[in-house]
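> How does the following fold in three dimensions:
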Amino acid sequence: MVPEKNGRRSYAQACNIARTLDLVGERWTLLLLRELATGSRSYGQLEASLPGIGTNLLATRLKRLEADGLIEREPAPGMRKRRIYRLTERGRQIEPVLVEMIRFGLKSGLAGSDSDYGRPEWAVLSSKAVFNRDAAAGLDERYEFHVGDEVFYLGVRDGRPDNGHGPAIDPITVVEMSAETFDRVQTGELKMAQGIWTDEIKVLAGHAAAMDRCEQIFGG
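Take a look at the predicted model:
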C-alpha cells in the first residue's frame, strides 16, 4: 500500500523523483500544468481542454496545486469577480520537464488512436520540443495562427521560443486554416508554402514568406 502523507498518497521514499511524483504525479495534474505552462486559464477553459476529468476532480486538483504553491488565482482582465489560474514562479519550473516529456514521446514514436482528443493550440508548448536554434538565430518575430476557433502564436525572441495563446503583438504574419490542415502541417504531410498555394492556408495579414521561416524553426 502507498501510505498517506499530508492527506495524499505518497511513495514515502527518500528520492527526489519519488518526491516530485508525490507533488505532480496524480492523474491529470501534469496535464493541468501543461495547459497553464503557456498562459493563464479560466476554470471553464481548463475543463474544456481536459474532457473526462470531471468538475469535482478538476476543483480538487486545482486546490491542491494552489496549496502546493504551483499555481495561483488572479482577477480576470476587466472582470474582478472572475478568477483565472496561472503558474507561479515555482510552477513554471515544470515547463522544461514537460518539454522533455514531449521530446521523449517524439523520439520513442509513441502513437495514439485516431479518436484521441487533441487541440491545435497544444502546439504552443509542443513546438518548443522541436525548436531549431540555428534557424531562429538573429530573428525576433511572431507568427499568428487562427485554427478553427483557436488563436495562438509561435515566435522567437532573444534566440528562444516566444509562444502563447491569443493574438500576438505585432505578428509578422497571420494565417488561418482548419484543424485538419494544421494537423497535416504538424505531421509534415503538408508544407506551409504548398498549403498557401492551394489556399488551404489563408494569409490574413503580413508576409507569406515568413511562414517558411516558422516551418524551419518549429518544423522538427
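> Around the closest residue to D140 other than its chain neighbours, count how many other residues there are.
Using Cβ to Cβ, 6 or more residues apart in numbering and skipping residues adjacent in sequence, the residue nearest D140 is R157, 5.6 Å away. (Glycine included, C-beta is placed from N, CA and C.) Residue neighbour count, defined by other Cβ atoms under 10 Å, stands at 13 for R157.
> who's R157 bridged to?
Taking DSSP bridges as the rule, R157 bridges to R160.
> That one is in contact with N163, isn't it?
No: contact criterion Cβ atoms under 8 Å: R157 and N163 do not qualify, at 9.9 Å.
> what's the first-to-last distance across stretch 113-130?
Start and end residues of stretch 113-130 are separated by 22 Å (Cα to Cα, to the nearest Å).
> what residues are up against the closest residue to G206 other than its chain neighbours?
Once flanking residues are discounted, G206 sits nearest to T173: 3.4 Å by Cβ to Cβ, 6+ apart. By Cβ atoms under 8 Å, 6 or more residues apart in numbering, T173 lies in contact with 143-144, 203, 205-208, 210-211, 214.
> Going by neighbour count, which of those are buried?
By neighbour count, with 16 or more other Cβ atoms under 10 Å, those hold 143-144, 203, 206, 210-211, 214 as buried.
> how near is the nearest residue in space to D22 that is not next to it in sequence to V24?
Excluding the flanking residues, the one nearest D22 by Cβ to Cβ, 6+ apart is S10, at 4.9 Å. Between S10 and V24 the computed distance is 13 Å (Cβ to Cβ, to the nearest Å).
> now swap in V99 and tell me
In this view, V99 and V24 are 15 Å apart by Cβ to Cβ.
> Which phi and psi values does the residue nearest to G206 adopt?
Here is the backbone geometry of T173 (degrees, to the nearest 10): phi -160, psi 150.
> returning to that earlier point: now do the residue nearest to D140 against R64, distance only.
Using Cβ to Cβ, R157 is found at 33 Å from R64.
> Show me how the protein divides into domains.
As assigned by automatic domain parsing, the chain contains the domains 10-108, 120-218.
> who wins for proximity to D114 among these?
D114 lies closest to domain 120-218 among the domains of the chain, at 10.6 Å (Cβ to Cβ).
> all strands of this protein, in order?
Remark: strands assigned in the chain by DSSP state E are 4-5, 8-9, 41-42, 71-76, 79-87, 141-147, 150-157, 160-161, 164-165, 173-177, 202-206.
> by contact count, what packs against the fifth one?
Here strand 79-87 is seen to pack against helix 29-36, strand 41-42, helix 43-49, strand 71-76 when contacts are counted using 3 or more Cβ pairs under 8 Å, 6 or more residues apart in numbering; DSSP states H and E.
> Quickly list what the residue nearest to G206 is bridged to.
Y143, G206.
> ok, now how distant is it from E180?
Counting by Cβ to Cβ, the gap from T173 to E180 is 21 Å.
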